[in-house]
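Visitor: Pasted the sequence and its predicted model underneath.
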Amino acid sequence: MDLLYNLTMESNIKVSLNKEQKEAVEYVSGPVLILAGPGSGKTRVITHRIAHLINQCGVRPYNIAAVTFTNKAASEMRQRLFGSDELGDSLGLLGHVPNQRDFTVSTFHSLCSLILRLDGSLMGLAKDFVIYDRDDQLTLVTKAMEISEIDPKRFSNRAILDIISSSKSKLITSDNYNAQTGNPMDRIIEVVYKSYQNLLEQSKGVDFDDLLLKTNLLFNNNPSILKKYQDRYQYLMIDEFQDTNMAQYNLATKIAGKRENICVVGDPDQSIYSWRNADIRNILSFQEDYPKCKVISLNENYRSTSTILDGAYGVISQNTQRIERKLTTSNPKGDPIFVGEAYNPEEEAQLVMKEINRLRVERGYLYNDFAVMYRVNSQSRALEEGCLRNSIPYKLIGGLRFYQRKEVRDLIAYLRVIVNPHDNVSLLRIINTPPRGIGQKTIDEIAELSDKNKISIYAAMELAANAKFVEDSKRSGRSHRVISKFVDLVTNLIHDSDGLDPTSIINLILEMTGYRVYLEDQGDQGTERMDNIEELKVTANKFQNVDPEDRFIEFLQGIALVSDIDSLDDSQDSIALITLHQAKGLEFPAVFIVGLEEGLLPHIRSFDYADQMEEERRVFYVGMTRAKECLYITRSFRRGYMGNGVSNVASRFLMDIPSALMSHFSSRSIPIGSVVTDVIKQSGASDLSDHATETSPMEVGQKVRHDRFGDGIVVSCTAIGYDYQVTVAFKADGGVRNLLLGYANLQLLD
């Protein structure tokens, strides 16, 4: 029966795959590099490959690991493998299979967390360690700077944390970090890094980078543990390989070991996370590290129209850090790439909203079918206002995330204290929430006691609650009472929560701490906050079927490792407002990319660095290839970016899109000389150099008049793209202005 079932499954698999996909599925011995362009079915290949290993090769699920970068991607893989009985769907690729817990389909960080909870004791790590998120880390860095007497006004805690994170991703520990370069900043990092790490260990905590770093160290120092995981994960598959950093790459090569059954799937053209320490060299040099690797390229795109793909290729082909290949598709040619422009971000938003409403009427799109993408978060303001003005529902991805809301963070802090009362950050968050009479003076005294004795805040509170200590230190009776009462509360929470599921523990916290009453006293705002806590319970309920011994810790771990995209709610019919970085891995029938201006996309920080400029180009490429049917690109002539209302030059990336693929769209009349219109009219980007040698239409010293700034004198006139930038010194309060000739409407006075 099983054999017949497996043969049937294998037959179905072969029918659903193209030639290259089938080759990638069936080649299972030794290293494999699968170059998978956007929309080429890489998730299908990975999941079918797992099914092939189990159904046809007889590999135990226990011996397979599939690793990706987001919980959302891991969840999609599980769904394809196992299907969904709850929804009445047919079973997934594996059909009737052993316990799903035998499978490892997870993110890198989740895999490392699992390994450290099982074997981290060899590194002195407690099983109940907490995972500190970005906000927690910043709190600890600030404390470490205070201990190290580093002036926070001179040095940014975020900048220091970024350097510490980068160091950990390169496997540089606090003990190995040294300031031998002579750079004063390195010396500061060295001191703060050590203090920060001491605070983490004191709190029995780790940060995201520690999960990777400590797992590497565990394998380095314990060959028998490494062999244990090499024997378990005999087949390793890594998705989005272009996004791996040094620590992740080292982990992968260690686990693959001598068997070298490592399959990496990725696309160097979509490497856009260097600021998260991703290293594009990992995928570009994979063939050098594994000379015997099989290279398979998935070039057939199932997502986008041929016009969108050709336009995207025009952009990405300008890069040098890539493996040359071009996506093909059997999809229709489709609409042209629509390019529009507006005077300012508000008009740009109105242009987008008007087109969304038109497409809904003419094509029957739902709001869910639209995404508006942008380079930086601040661009969302005008778009949100545009949605509200046009009564268009929207979801802001990466705004105030659910797990960042105060009431949710409060409850999570209580949960973490129950697991680990020595978690200083969480304890200080809830020590007087709800208010229980523990003032700042008392907290400062406890913190001083903690620092003096090199113990956690909770241990210091236990010491301070001791009657003999109070007598010896001459502390006030009131301080003793409130501290003792809080210590008793934590003790009772730990005791009474033993054996309960996460949902019941949340209810226990609400009642024992008085947090429910605390919210009820806040009226309508409290009701809204209570609704968020109810939503937290919904998440907690998902862990009901996990082993009682592990489900509480797994629940907290799942919360700690959640990302913006994981919380994307597809059930709500609303357009998505999302950054280009966050949009990776998603797709929409209609995509709008706004802000195609020099200094914004590409970002001004990339101007002096060739590798960063290439990454900016990849960011734009990723955005373009999210679109299935319609792609719109817009720019604003004037934008108050970084606090300055300045005139903007159209992005150089627009010049890379073949003009035959573009069409102009607008909500109002645009001046004839507008940059984007001219780009479309030109025959190709090669005309740019010819344009630059033309006689300048404005002479230095020429008198001109502007409708807003009045009379002035031309200081310079320079060719920019397909327009000219005119610098004019205006009289009175006009000042010196840089204007685009196509927009400026300058009147000659001579």
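Guide: Great, that's in hand. The shown structure was predicted, so the numbers you read here are calculated from the model rather than taken from an experiment.
Visitor: what stretches of the stretch 151-300 of the chain score poorly on pLDDT?
Guide: 179-182 (pLDDT under 70).
Visitor: how much space between the closest residue to residue 512 other than its chain neighbours and residue 194?
Guide: Closest residue to residue 512 apart from its sequence neighbours, by Cβ to Cβ, 6 or more residues apart in numbering: residue 493 at 6.1 Å. (Each C-beta comes from the backbone N, C-alpha and C, glycine too.) From residue 493 over to residue 194 the distance is 33 Å, taken as Cβ to Cβ, to the nearest Å.
Visitor: more neighbours, those two?
Guide: residue 493 (20 against 17; other Cβ atoms under 10 Å).
Visitor: what's downstream of whichever strand or helix holds that one, the next helix or strand?
Guide: Using DSSP states H and E, residue 493 sits within helix 477-496. Where DSSP H and E defines the elements, the next helix or strand beyond helix 477-496 is helix 502-512.
Visitor: Which positions in that next one come out as buried?
Guide: 502, 503, 505, 506, 508, 509, 510 (16 or more other Cβ atoms under 10 Å).
Visitor: Return the closest of those with respect to residue 327.
Guide: The shortest approach to residue 327 among the buried residues of helix 502-512 belongs to residue 502, at 44.3 Å (Cβ to Cβ).
Visitor: what's the offset of the helix or strand containing residue 252 from the middle of its chain?
Guide: Residue 252 is part of helix 246-256, with elements assigned from DSSP H and E. Centre-to-centre, helix 246-256 and its host chain are 21 Å apart (Cα atoms, centre = their mean, to the nearest Å).
Visitor: Model confidence for the residue positioned nearest the centre of the chain, exactly?
Guide: Central residue of the chain (Cα atoms, centre = their mean): residue 582, 5.4 Å from the mean position. Here the pLDDT value assigned to residue 582 is 89.
Visitor: Kindly report the same for residue 563.
Guide: 56.
Visitor: re the thing from before, wait, the residue nearest to residue 512 touches residue 418, no?
Guide: Yes - counting by Cβ atoms under 8 Å, residue 493 touches residue 418, with 5.3 Å between them.
Visitor: Next, show the common contact partners of these two.
Guide: Listed as contacting both residue 493 and residue 418 by Cβ atoms under 8 Å, 6 or more residues apart in numbering are residue 509.
Visitor: Does residue 326 lie in a helix or a strand, and which?
Guide: Using DSSP H and E, no helix or strand contains residue 326.
Visitor: Against residue 38, how distant is the residue nearest to it when sequence neighbours are not counted?
Guide: Spatial nearest neighbour of residue 326, excluding adjacent residues (Cβ to Cβ, 6+ apart): residue 313 at 5.5 Å. The spacing between residue 313 and residue 38, counted by Cβ to Cβ, is 11 Å.
Visitor: okay, and the common contacts of those two?
Guide: The contact lists of residue 313 and residue 38 share residue 327, where a contact means Cβ under 8 Å, 6+ apart.
Visitor: picking that back up, for the helix holding residue 493, packing partners?
Guide: In this structure, helix 477-496 makes packing contacts with helix 406-419, helix 440-453, helix 457-465, helix 467-473, helix 502-512, judged by 3 or more Cβ pairs under 8 Å, 6 or more residues apart in numbering; DSSP states H and E.
Visitor: I'd like to know which of the ones you listed is closest to residue 58.
Guide: helix 502-512 (37.7 Å).
Visitor: what's downstream of that closest one, the next helix or strand?
Guide: Following helix 502-512 in sequence, per DSSP H and E, is helix 515-520.
Visitor: contact partners of that next one?
Guide: Here helix 515-520 has contacts from 407, 410-411, 414, 433-434, 509-510, 526-527, 529-530, 533, using Cβ under 8 Å, 6+ apart.
Visitor: how about a cut-off of 6 Å?
Guide: 434, 510, 526, 529, 530 (Cβ atoms under 6 Å, 6 or more residues apart in numbering).
Visitor: of those, closest to residue 304?
Guide: residue 529 (42.1 Å).
Visitor: Check what pLDDT that closest one gets.
Guide: Taking residue 529 on its own, its pLDDT is 83.
Visitor: count of neighbours near the nearest residue to it once chain neighbours are set aside?
Guide: Nearest-residue entry for residue 529: residue 407, 4.1 Å, with adjacent residues in sequence omitted and distances by Cβ to Cβ, 6+ apart. Applying other Cβ under 10 Å, we find 21 residues neighbouring residue 407.
Visitor: same deal with residue 320?
Guide: Neighbours around residue 320, by other Cβ under 10 Å: 7.
Visitor: Then residue 126?
Guide: 15.
Visitor: What of the one 4 residues further on?
Guide: Using other Cβ under 10 Å, residue 130 has 27 other residues around it.
Visitor: what do you get for residue 741?
Guide: Neighbour tally, residue 741, other Cβ under 10 Å: 20.
Visitor: what bridges to the closest residue to it other than its chain neighbours?
Guide: Using Cβ to Cβ, 6+ apart and skipping the chain neighbours, the partner closest in space to residue 741 is residue 724 (4.2 Å). With DSSP bridges as the criterion, residue 724 is bridged to residue 719.
Visitor: pretty sure residue 724 contacts residue 744?
Guide: No - using Cβ atoms under 6 Å, residue 724 is not in contact with residue 744; the gap is 9.4 Å.
Visitor: Show the subsequent helix or strand relative to the least confident helix or strand in the chain by mean pLDDT.
Guide: None of the helices or strands of the chain scores lower by mean pLDDT, DSSP states H and E than helix 687-692, at a mean of 36. Going down the chain from helix 687-692, the next helix or strand is strand 703-706, by DSSP H and E.
Visitor: Show me where the stretch 1-150 of the chain has its helices.
Guide: Per DSSP state H, counting those that start in this stretch, the stretch 1-150 of the chain carries helices over the ranges 2-15, 19-26, 42-55, 71-82, 108-119, 134-147.
Visitor: quick one: what helix or strand has the residue nearest to residue 624 when sequence neighbours are not counted in it?
Guide: Nearest non-adjacent residue to residue 624, counting by Cβ to Cβ, 6+ apart: residue 312, 4.3 Å away. Using DSSP H and E, the element containing residue 312 is helix 306-316.
Visitor: What residues sit buried inside stretch 602-620?
Guide: Applying 16+ other Cβ under 10 Å to stretch 602-620 flags 602, 603, 606, 612, 613, 614, 615, 616, 617, 618, 619, 620 as buried.
Visitor: is it true that the fourth one lies in a helix?
Guide: Yep, that's residue 612 we're talking about. Yes - using DSSP: H, G, I helix; E, B strand; the rest coil, the assignment for residue 612 is a helix.
Visitor: Can you tell me how far it is from residue 618?
Guide: From residue 612 to residue 618 the distance is 10 Å (Cβ to Cβ).
Visitor: Surely residue 375 touches residue 600?
Guide: Yes - between residue 375 and residue 600 there is a contact under Cβ under 6 Å: 5.4 Å.
Visitor: joint contacts of these two?
Guide: Common neighbours of residue 375 and residue 600 (Cβ under 6 Å, 6+ apart) do not exist.
Visitor: returning to what we had before: from what I can see the residue nearest to residue 512 touches residue 416, true?
Guide: No - judged on Cβ under 6 Å, residue 493 makes no contact with residue 416 at a distance of 11.5 Å.
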